[in-house]
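Undergrad: Just need the structure, nothing else, for what follows:
(one chain, ligands or ions: 1)
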Amino acid sequence: MSQLFGSIEGGGTKFVCCVASGPGDIRDELRYPTTTPDETIGRAIDFFEEQEQKHGKLAALGIGSFGPVDLEKGSPKHGYVTSTPKPGWENTDFLGRMKKRFTVPIGWDTDVNAAALGEHVWGAAKGLNTFIYLTVGTGVGGGGMIRGRLMHGLVHPEMGHIALPHDWRADPYPGRCPFHGDCLEGMAAGPAIAERWGKPGKELSPDHDAWVLEAEYMALGLRSFVCTLSPRRIILGGGVMKTPGLVARIRSRLLALLNGYVQHPAIVDDIDNYVVPPALGDQAGMLGGIALAKRTLATVNGQN
Ligand code: ZN
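TA: Reported below is the predicted structural model:
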């Protein structure tokens, strides 16, 4: 029988917990809204306790959390959600609370790095050691791998907060990032679309001007990432990217903005396979946590 792992996809809006050995073997899952840290983390603990009663001890856990988070081993705040504007969550010792209850190895990373790892193991980044994963929903998050390692540095990448050229005549909307105003997240995340057009993206038809603008901002962001990180593929997840035709618009604007400069057949001849949706779809984050748990166990056992 295969080993079972537990996963938490901890988002700022909702939490998804699951127990699985991989994509074809999801034993149970639980989704609920993110409220206070006590209640939200408490529900995850209760879920895994029930699961252990049903299935026996889990081999490892993996947590992909909204952030910013502290990923630095040895830091006094390792495992914390740190400076988030999410009410009640600032300086929450998320990993520590889990470790108090569970003694198995626990992997800890950003929600988007976990999703990226899931795509690397089972999805659109299989066999690729350098790629990025961006999610566009209530915010814009970015992560991925460089030469087989998840992107960690001083902290973790904050790809959603890069500066973009802003044509104020074409788009007088000032942006809604509380830190930067018109950064990529401030201009292109779901709440910015809703505020700019007076209704949520879901209620705008796929041929609305909103999507021309959205594709432009995303393509400007992607041009910067292609030029700085040289990813072998770009995966675009999150609710906003499900808009019919949007990814195709982004591909074509990215090609136009690169203007023939990055001459690689993966881009020039095969853009449809260069900018792609997650192969695991809505399960990327949840299965990413499972992949993170597996990888953490393998590291502890000295196999990685
Ligand atoms: Zn920002």
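
Undergrad: alpha carbons only for contacts and neighbour counts from here, please
TA: Will do.

Undergrad: Tell me how far the closest residue to the ion within the stretch 151-300 of the chain lies from Cys183.
TA: Nearest residue of the stretch 151-300 of the chain to the ion (CA to the ion) works out as His161 at 4.0 Å. Using CA to CA, to the nearest Å, we find His161 at a distance of 5 Å from Cys183.

Undergrad: Can you pick out the residue with more neighbours from those two?
TA: Of the pair His161 and Cys183, Cys183 is the one with more neighbours under other CA atoms under 10 Å, namely 25 against 22.

Undergrad: contacting residues around the nearest residue to that one once chain neighbours are set aside?
TA: Using CA to CA, 6 or more residues apart in numbering and skipping residues adjacent in sequence, the residue nearest Cys183 is Ala163, 4.7 Å away. The contact partners of Ala163, by CA atoms under 8 Å, 6 or more residues apart in numbering, come to 182-184.

Undergrad: Please enumerate the shared neighbours of His161 and Cys183.
TA: With CA under 8 Å, 6+ apart as the test, His161 and Cys183 reach no residue in common.

Undergrad: count of neighbours near Glu185?
TA: Neighbour tally, Glu185, other CA under 10 Å: 30.

Undergrad: I misspoke; the intended subject was Gly245.
TA: With other CA under 10 Å as criterion, Gly245 counts 13.

Undergrad: who are the neighbours in contact with it?
TA: For Gly245, the contact set (CA under 8 Å, 6+ apart) comprises Pro206.

Undergrad: returning to what we had before: list the residues that contact the residue of the stretch 151-300 of the chain closest to the ion.
TA: His161 touches 140, 180, 183-186, counting by CA under 8 Å, 6+ apart.

Undergrad: And those, which two are furthest apart?
TA: Using CA to CA, the contacts of His161 span at most 13.4 Å, a distance reached by Val140 and His180.

Undergrad: Have a look at the two and say which one is more surrounded.
TA: Taking neighbours as other CA under 10 Å, Val140 and His180 compare with Val140 leading, 24 against 15.

Undergrad: Which secondary structure state is assigned to the closest residue to Phe131 other than its chain neighbours?
TA: Leaving out its chain neighbours, the residue that sits closest to Phe131 by CA to CA, 6+ apart is Pro231, at 4.3 Å. When classified by DSSP: H, G, I helix; E, B strand; the rest coil, Pro231 comes out as coil.

Undergrad: who's in contact with Pro231?
TA: Per CA under 8 Å, 6+ apart, neighbours of Pro231: 130-132, 225.

Undergrad: Tell me how many other residues surround Leu246.
TA: 18.

Undergrad: should've said Trp108
TA: 26.

Undergrad: Ok, Asp109 next?
TA: 25.

Undergrad: contacting residues around it?
TA: By CA under 8 Å, 6+ apart, the neighbours of Asp109 are 63-65, 69, 71.
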